[in-house]
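K.L.:
return a 3D structure for these sequence lines:
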Amino acid sequence: MSKLGIGELSAKSGVAVPNIRYYESIGLLPRPQRNEGGRRTYSNDDIAQLTYIRNARRLGFPIAKIKTMMGLEDQADASCRQLRDLATEQLLEMSRQISELQMLQRELQYEITTCDVRCCDGLVKDCTVTKAMSAH
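P.N.:
Below you'll find the model as predicted:
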């Protein structure tokens with residue numbers, strides 16, 4: 001089993017060094033072994049765990065749910081349904097966020113469309129976009 005430094009682990013997993021340290025500090029990743037010089041050393045298993053975390057974060061899973069998901073994977077008798085339910089919850093949350101962003105997109109598009117530089121003499125203080133931001 002090869003031993004990697006934190007920089008190598010970062011490069012191979014695609015996770016920044018500060019994030020690796022953070023994940024260790026909150027217990028999402030186990031504390032690494034240290035070599036004789038006191039430097040952290042990591043294995044291929046750590047690459048796999050970080051890749052899992054990176055992909056879960058990319059999908060929007062909060063850290064607490066990632067801990068739960070990784071905990072399920074450590075249980076030999078854990079049900080796939082539990083993991084699927086967590087993924088389904090995340091999908092619903094993602095859909096809610098998309099709907100909210102689409103609503104905000106329409107609102108901003110309306111403000112941009114109604115902004116006519118001629119109506120405000122080109123002054124920010126009189127701009128309809130400025131007025132809309134102040135009203136919300």
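K.L.:
please enumerate the strands of this protein.
P.N.:
Per DSSP state E, the chain carries strands over the ranges 33-34, 40-41.
K.L.:
pLDDT on the first one, on average?
P.N.:
In this case it means strand 33-34. Over the span of strand 33-34, the pLDDT mean works out to 87.
K.L.:
direction included, what does it pair up with?
P.N.:
strand 40-41 (antiparallel) (DSSP bridges).
K.L.:
next, the buried residues of the lengthiest helix in the chain.
P.N.:
For the chain, the helix with the greatest residue count under DSSP state H is helix 80-114. Neighbour-count burial for helix 80-114, counted by 16 or more other Cβ atoms under 10 Å, picks out 86, 90, 111. Every residue, glycine included, has its C-beta placed from N, CA and C.
K.L.:
distance to residue 100 and mean neighbour count added to the strands of the chain, as TSV?
P.N.:
Formatted as TSV, those follow (distance: least, Cβ to Cβ, whole Å; neighbours: other Cβ atoms under 10 Å):
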stretch	distance to residue 100	mean neighbour count
strand 33-34	44	11
strand 40-41	40	18
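K.L.:
and residue 125, which of these is closest to it?
P.N.:
strand 40-41 (54.5 Å; Cβ to Cβ).
K.L.:
tell me what the longest helix of the chain is packed against?
P.N.:
Identification of packing neighbours for helix 80-114 by 3 or more Cβ pairs under 8 Å, 6 or more residues apart in numbering; DSSP states H and E yields helix 63-73, helix 128-135.
K.L.:
try it again at 10 Å.
P.N.:
helix 44-58, helix 63-73, helix 128-135 (3 or more Cβ pairs under 10 Å, 6 or more residues apart in numbering; DSSP states H and E).
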